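Peer 1: let's see this in three dimensions:
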Amino acid sequence: MNIVVIDTNVFVAGLRSGGGASREIIRLALTGKIKPIFGNALWLEYEDLLGRDIWTNSTSDSERRQVLSALIKVGQWVTVYYGWRPNLPDEADNHLIELAIAGGADVIITHNIRDIKRGELLNSIKVQSPSDFLEIMK
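Peer 2: Modelled structure (predicted):
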């Protein structure tokens, strides 16, 4: 089973639309076909997004909160003890690579491929868009 970091942009895209690759990533996590990992920084971003005015009518606030609650039940909490600082263009994205390293993730699933792939510490961790990840899983 793939251990994955699901970037917040995939979480938002998956819940803002009725279908698509991002929505399928969330389904795979909720059905146990992939194992999402979470850390403090990522989880706080998820929670922060729930309170923002970015959502469509595809999901209600209650449904989004239920999905987040379900994700934590099927995922794994990872404590990041060491800040690697992989020097991404957006400092706020560094925690994704740190989480992936600490949790032994196989892949970071994101729509921000170009910036995340610039991390110097990726080694064996793949960075893929939701659609690329799904294509490889077939």
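Peer 1: drop to CA atoms for contacts and neighbour counts, all remaining ones
Peer 2: OK.
Peer 1: host element of residue 97?
Peer 2: helix 94-103 (DSSP states H and E).
Peer 1: may I have that helix exported as PDB, CA atoms only?
Peer 2: In PDB, the C-alpha atoms belonging to helix 94-103 read as follows (Å, rounded to 0.1, in the frame of the first residue of the first chain):
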ATOM      1  CA  ASN A  94       8.800  22.700   3.200                       C
ATOM      2  CA  HIS A  95       6.800  20.800   5.800                       C
ATOM      3  CA  LEU A  96       5.400  18.500   3.100                       C
ATOM      4  CA  ILE A  97       8.900  17.100   2.300                       C
ATOM      5  CA  GLU A  98       9.700  16.900   6.000                       C
ATOM      6  CA  LEU A  99       6.500  15.000   6.700                       C
ATOM      7  CA  ALA A 100       7.200  12.600   3.700                       C
ATOM      8  CA  ILE A 101      10.700  11.900   5.000                       C
ATOM      9  CA  ALA A 102       9.600  11.400   8.600                       C
ATOM     10  CA  GLY A 103       6.700   9.200   7.600                       C
END
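Peer 1: who does the following helix or strand past that helix touch, helix- and strand-wise?
Peer 2: Using DSSP H and E, the next helix or strand after helix 94-103 towards the C-terminus is strand 107-109. Strand 107-109 sits against strand 2-6, helix 94-103, strand 126-128, with contacts defined as 3 or more C-alpha pairs under 8 Å, 6 or more residues apart in numbering; DSSP states H and E.
Peer 1: adjacent strands (with direction) for strand 107-109?
Peer 2: The pairing partners recorded for strand 107-109 under DSSP bridges are strand 2-6 (parallel), strand 126-128 (parallel).
Peer 1: off-centre distance for the helix or strand following it?
Peer 2: Going down the chain from strand 107-109, the next helix or strand is helix 113-116, by DSSP H and E. Helix 113-116 has its C-alpha centroid displaced from the chain centroid by 14 Å (C-alpha atoms, centre = their mean, to the nearest Å).
Peer 1: likewise for stretch 1-21?
Peer 2: 7 Å.
Peer 1: any idea which of the strands paired with strand 107-109 is most buried?
Peer 2: strand 2-6 (a mean of 22; mean count of other C-alpha atoms under 10 Å).
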